[in-house]
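[1] just a sequence and a predicted model for now, questions to come.
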Amino acid sequence: MISSVETFAATVAESEPIFSERSQGPIIMTHETSSSPAQPSPLASASRRAFLTTAGVVAAAGSATLSAKSYARVLGANDRLGVGLIGGGVIGNAHMDVINNLKASNNLHPVCVADCWKKRAEEGKAKIQADHAETDYRKLLEHKDIDYVVVATPEHWHWTMTIDAMEAGKAVYCEKPLTHTIPEAQAVVKRQSELKMPVQVGVQAMSDDSYISARDAIAGGMIGQVIQAQIEYVRRYPANAGPWREPEQVAEHKTKPADLDWDAWLGSAKKIPWNPNHYFEWRCYSAYSGGICTDLFIHRITRIMRACNLLYPRRVVGMGGIWQWPDGRDLPDNVEMICEYPRGMTVYVLGTMGNRVRVDHLIRGYEGTLFFNNKGWVAKDPDGKVLGEHTKTGGEDQNLHHTNLHNHLRHGEPLNCPIELGLAGVVAVNMANESWRTNRMMGWDRKNEKMVPADLLNESHEPE
């Protein structure tokens, strides 16, 4: 599938990939930005401490830079918002449910559903009563009455579709992670800074105000100097079908459906014959996904980044393996990561898929510990005395996350997960995957804005 993003991608030059001798190839792309004189990234000029505090305001300001004509088009007729959805799989169907839920209350007009499997496109059209169904997402972008596009596809398509949608004058709700790789995320942020089209990243937990509230409490000194945080995403899959396996779907589709455009689905990935495992179970394969790190950890690490006002990690270690389901996958079925941030703290994320026993979600400071719970959070001193607490509004809810985007488009409400926060999450989880893959600690080269083996950098261990 040829995309207009290719003209922009020409500015992204390839560097040597980082991978171990046992790797089959450059599983994580490590392209660097333009070979022309380096331009500061949209993040480079922001204070690391202040960036996430102001990110939502910056995003709201970005929408104000739209011309009056463009903004009027975004609002649609009678304040109605036209919606286009790319992707008719499991996540796409979850967004269809949201569109149906909010259709009346939020004045939405489902315009089009696109999927390279015609059956899914037609089923999606019927489910949300859209006007059109397309098998080429570029045709969806041609519909003038679409105000925002939901990208709910495998990760390796996120950057292309997001850029193409922005270039077509559409706002975007892009499912997490923002992109498959770091250079792709940088490319999206660069293009968004030029086009000024709103992009909401689908980490819906950011529509829970617990993390903004925790940030304010921590910045105010409630728990003293922050030194560590921990969080998890754990599950227990059946023994006969590990993470993301769909044996019934695979068995039913040994032969490719006649109305499914396999080459279009592969996109920029390596061209291979029809493989139902890759199509239905794409999160198991690094050509299309980062697995546990990008699909699950992105939800968790983004929470801690927001609460602790973090941007890029200084160093990251990823550990784990294909321990329980050696079924042809090339991404770990159990993995964990530790990130060290320049402010002088570490973040630990656990991701076992064979045991659902959790660890507490908490942030440790010298004067106390802040514990997240189902109601919000409570902070306690070393003796158990309550220092403060918060009862949340909102929650980890796609309905709220879409509504936040609607309010942003209509009224300039700050986005709960702006594109810059999406990029910061992509950096952390990709560094963890690369560490696991190469058996090396990864570091963030701030000058060149790329990940490299940490031992190649002369980074201090002192807080900034």
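    Yep, it's here.
[2] count the neighbours of residue 388 for me.
    16 (other C-beta atoms under 10 Å). All C-beta atoms are positioned from the backbone trio N, CA, C, and that covers glycine.
[3] leaving out the residues flanking it, which one is nearest to it?
    Nearest residue to residue 388, sequence neighbours excluded (C-beta to C-beta, 6 or more residues apart in numbering): residue 379, at 4.8 Å.
[4] element containing that neighbour, please.
    Counting by DSSP states H and E, the element that carries residue 379 is strand 376-380.
[5] who does that strand touch, helix- and strand-wise?
    helix 210-219, strand 369-373, strand 386-391 (3 or more C-beta pairs under 8 Å, 6 or more residues apart in numbering; DSSP states H and E).
[6] what's next to the last one, contact-wise?
    Counting contacts by C-beta atoms under 8 Å, 6 or more residues apart in numbering, the residues outside strand 386-391 that touch it are 210, 213-214, 217, 222-223, 367-368, 375-381.
[7] over to the shortest one?
    Here strand 369-373 makes contact (C-beta under 8 Å, 6+ apart) with 210, 214, 217-218, 222-223, 303, 307, 360-363, 377-380.
[8] am I right that residue 293 is in contact with residue 435?
    No: applying C-beta atoms under 8 Å, one finds residue 293 not in contact with residue 435, separated by 10.0 Å.
[9] overlap of the contact sets of the two?
    Residues touching both residue 293 and residue 435 by C-beta under 8 Å, 6+ apart: 318, 337.
[10] more neighbours: which of these two?
    Shown here are residue 293 and residue 435; by other C-beta under 10 Å, residue 293 has more neighbours (30 against 25).
[11] hey, C-alpha coordinates of stretch 267-276 in PDB?
    Output of stretch 267-276 as PDB, limited to C-alpha atoms (Å, rounded to 0.1, in the frame of the first residue of the first chain):
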ATOM      1  CA  GLY A 267       2.600  -2.600   4.500                       C
ATOM      2  CA  SER A 268       6.200  -1.800   5.200                       C
ATOM      3  CA  ALA A 269       6.800  -5.100   6.900                       C
ATOM      4  CA  LYS A 270       8.700  -7.900   5.100                       C
ATOM      5  CA  LYS A 271       6.600  -9.500   2.400                       C
ATOM      6  CA  ILE A 272       5.700 -13.100   3.300                       C
ATOM      7  CA  PRO A 273       3.100 -15.500   2.100                       C
ATOM      8  CA  TRP A 274      -0.300 -15.500   3.900                       C
ATOM      9  CA  ASN A 275       0.200 -16.500   7.500                       C
ATOM     10  CA  PRO A 276      -2.900 -16.600   9.700                       C
END
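[12] okay, buried residues for it please.
    Neighbour-count burial for stretch 267-276, with 16 or more other C-beta atoms under 10 Å as criterion, is recorded at 267, 268, 269, 274, 276.
[13] can you list the domains in this structure?
    For the chain, the structural domains run 46-207+400-420, 210-240+288-395+426-456, going by automatic domain parsing.
[14] for the first one, what is the distance to the chain centroid?
    Going back to what we said before, that points to domain 46-207+400-420. The chain centroid and the centroid of domain 46-207+400-420 are separated by 13 Å under C-alpha atoms, centre = their mean, to the nearest Å.
[15] model confidence score at residue 144, please.
    On pLDDT, residue 144 comes in at 97.
[16] count the neighbours of it for me.
    Residue 144: 11 surrounding residues under other C-beta under 10 Å.
[17] residue 391 now?
    Residue 391: 11 surrounding residues under other C-beta under 10 Å.
[18] before we move on, the earlier item: a markdown table for the helices and strands packed on strand 376-380, including mean pLDDT and distance to residue 353?
    Converted to a markdown table, the helices and strands packed on strand 376-380 look like this (pLDDT from 0 to 100; distance: least, C-beta to C-beta, whole Å):
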| stretch | mean pLDDT | distance to residue 353 |
| --- | --- | --- |
| helix 210-219 | 98 | 25 |
| strand 369-373 | 98 | 22 |
| strand 386-391 | 98 | 31 |
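[19] turn those into TSV, including distance to residue 444.
    Supplementary listing: the helices and strands packed on strand 376-380 in TSV, determined by distance: least, C-beta to C-beta, whole Å:
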stretch	distance to residue 444
helix 210-219	22
strand 369-373	26
strand 386-391	31
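[20] any idea what residue 112 is bridged to?
    Legend: beta-bridge partners of residue 112 under DSSP bridges are residue 84, residue 132.
[21] what is the neighbour count of it?
    Neighbour number of residue 112 under other C-beta under 10 Å is 27.
[22] does it touch residue 130 like I think?
    Yes: Residue 112 is within contact range of residue 130, at 5.5 Å (criterion: C-beta under 8 Å).
[23] distance to residue 248 added to the domains of the chain, as CSV?
    Compiled in CSV, those are given as follows (distance: least, C-beta to C-beta, whole Å):
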stretch, distance to residue 248
domain 46-207+400-420, 14
domain 210-240+288-395+426-456, 12
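[24] so which of those is the most packed in?
    Per-stretch averages of neighbours, counted by mean count of other C-beta atoms under 10 Å, single out domain 46-207+400-420 among the domains of the chain, with a mean of 21.
[25] which residues in the stretch 101-250 of the chain form strands?
    Applying DSSP state E, counting those that start in this stretch to the stretch 101-250 of the chain gives strands spanning 108-114, 132-134, 148-151, 171-175, 199-202, 226-232.
[26] how far away is residue 400 from residue 205?
    10 Å (C-beta to C-beta, to the nearest Å).
[27] go on, residue 375?
    Noted for residue 375: a distance of 15 Å to residue 205, by C-beta to C-beta.
[28] swap in residue 440?
    Taking C-beta to C-beta, one finds residue 440 at 30 Å from residue 205.
[29] where does the stretch 301-450 of the chain dip in pLDDT?
    For the stretch 301-450 of the chain, no stretch has pLDDT under 70.
[30] please enumerate the strands of it.
    Secondary structure of the stretch 301-450 of the chain by DSSP E, counting those that start in this stretch: the strands cover 315-321, 334-341, 345-352, 362-365, 369-373, 376-380, 386-391, 442-445, 450-453.
[31] please convert these to JSON lines, extending it with distance to residue 288.
    Formatted as JSON lines, the strands of the stretch 301-450 of the chain follow (distance: least, C-beta to C-beta, whole Å):
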{"stretch": "strand 315-321", "distance to residue 288": "19"}
{"stretch": "strand 334-341", "distance to residue 288": "17"}
{"stretch": "strand 345-352", "distance to residue 288": "19"}
{"stretch": "strand 362-365", "distance to residue 288": "33"}
{"stretch": "strand 369-373", "distance to residue 288": "31"}
{"stretch": "strand 376-380", "distance to residue 288": "35"}
{"stretch": "strand 386-391", "distance to residue 288": "38"}
{"stretch": "strand 442-445", "distance to residue 288": "21"}
{"stretch": "strand 450-453", "distance to residue 288": "20"}
